[in-house]
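> based on what follows, work out the 3D shape:
(one chain, ligands or ions: 3)
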Amino acid sequence: MQPVKAHTGDTHPLMALPGDLDPARLPRHLAVIMDGNGRWAQQRRLPRVRGHQQGVRALKRLLQLCGHWGIPALTTYAFSTENWQRPDEEVNFLMTLFEQVLKQELNELDEARVRLRFLGDLEALPSGLQEHIARATARTAHHNRVHLNVCTNYGGRHELVQVARRLAQDVRQGLLDPDDINEARFANLLLTAGDPDPDLLIRTSGEFRISNFLLWQLAYAEIHITDVLWPDFDQAALATALRDFQQRQRRYGAVQSPPAET
Ligand code: IPE
Ligand code: IPE
Ligand code: MG
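Ligands and ions are numbered 1, 2, ... in the order given. Next up, the predicted model:
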């Protein structure tokens, strides 16, 4: 992936990577469970959906920071396979919001050279949203500055079952020997194929759980949980998470950290 260079308009000093962070040891793939929108709104006696609107601003801010600081892949959890259980008005609001944001932001995402993908079972989404997703995905497919994946109607278990089904079909058709199923072949069929596994997972709003997010891909991710509610997640909160990440010793089951990559 190309190194991220500041382009015109990037000169705002606040957009510079804080001096105590090592640019060579940033996550190559950041995963975020954007949680706490409802509580943010409730604290202000606003309807929950106002929290989702503010949450979009927080995502925009984070994406810009990834571009400026040099985090080349960002995967965010926007709507889980379990979130359909919420009241119809909230679900409908979210679907409309996703569509509006796509419409409004597509030009800017394209100019910022962001490759946008939506990961999940997209066929269950409203058809208008599906069309916008298809358009945005095609238009930004060649970009490489930041890979943004938005997990929408995404469930980790569902994703794994889909992979199992694909492999079983290949076996049935005589295209694949079960003995040839290995981790690499399996990972190649995941929705995130092509990007490295996330090395840092951030969850906002103080919840200590994964909620069916990227079950395979998070196997060795470092986890940073913050009490900050998603709409309040800002530059300072990201810097705190990255500082935490850079202090971790990643052992991958061994006794010492593997030698730094050269
Ligand atoms: C996360 O915020 C956004 C979605 C799940 C769509 P929540 O809506 O879960 O906010 P809380 O957890 O109720 O505060
Ligand atoms: C996880 O948040 C899903 C998203 C952020 C989209 P939830 O708010 O749905 O998770 P739980 O219900 O607290 O586990
Ligand atoms: Mg929540």
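> for the stretch 101-250 of the chain, which residue gets nearest to ligand 2?
Nearest residue of the stretch 101-250 of the chain to ligand 2: Ser211, at 3.7 Å (CB to the nearest ligand atom). For the C-beta atoms, the positions are set from N, CA and C on the backbone; glycine is no exception.
> helix, strand or coil for that residue?
Following DSSP: H, G, I helix; E, B strand; the rest coil, Ser211 is assigned to coil.
> ok, it to Arg203 distance?
When distance is defined by CB to CB, to the nearest Å, Ser211 is 8 Å away from Arg203.
> what of Pro126?
Distance from Pro126 to Arg203, by CB to CB: 27 Å.
> those two: which is more packed in?
Arg203 (23 against 13; other CB atoms under 10 Å).
> quick one, phi psi at the more buried one?
phi -120, psi 130 (degrees, to the nearest 10).
> residues in contact with it?
Taking CB atoms under 8 Å, 6 or more residues apart in numbering as the criterion, Arg203 is in contact with 32-33, 35, 209, 223-226.
> residues contacting Gln246?
Neighbours of Gln246 in contact, by CB under 8 Å, 6+ apart: 21-22, 25.
> which stretches of the chain have low pLDDT?
Scanning the chain for pLDDT under 70 picks out 1-14, 257-262.
> what's around Gly156, how many residues?
Around Gly156 there are 21 residues (other CB under 10 Å).
> ok, and the closest non-adjacent residue to it?
Spatial nearest neighbour of Gly156, chain neighbours left out: Leu215 (3.4 Å); criterion: CB to CB, 6 or more residues apart in numbering.
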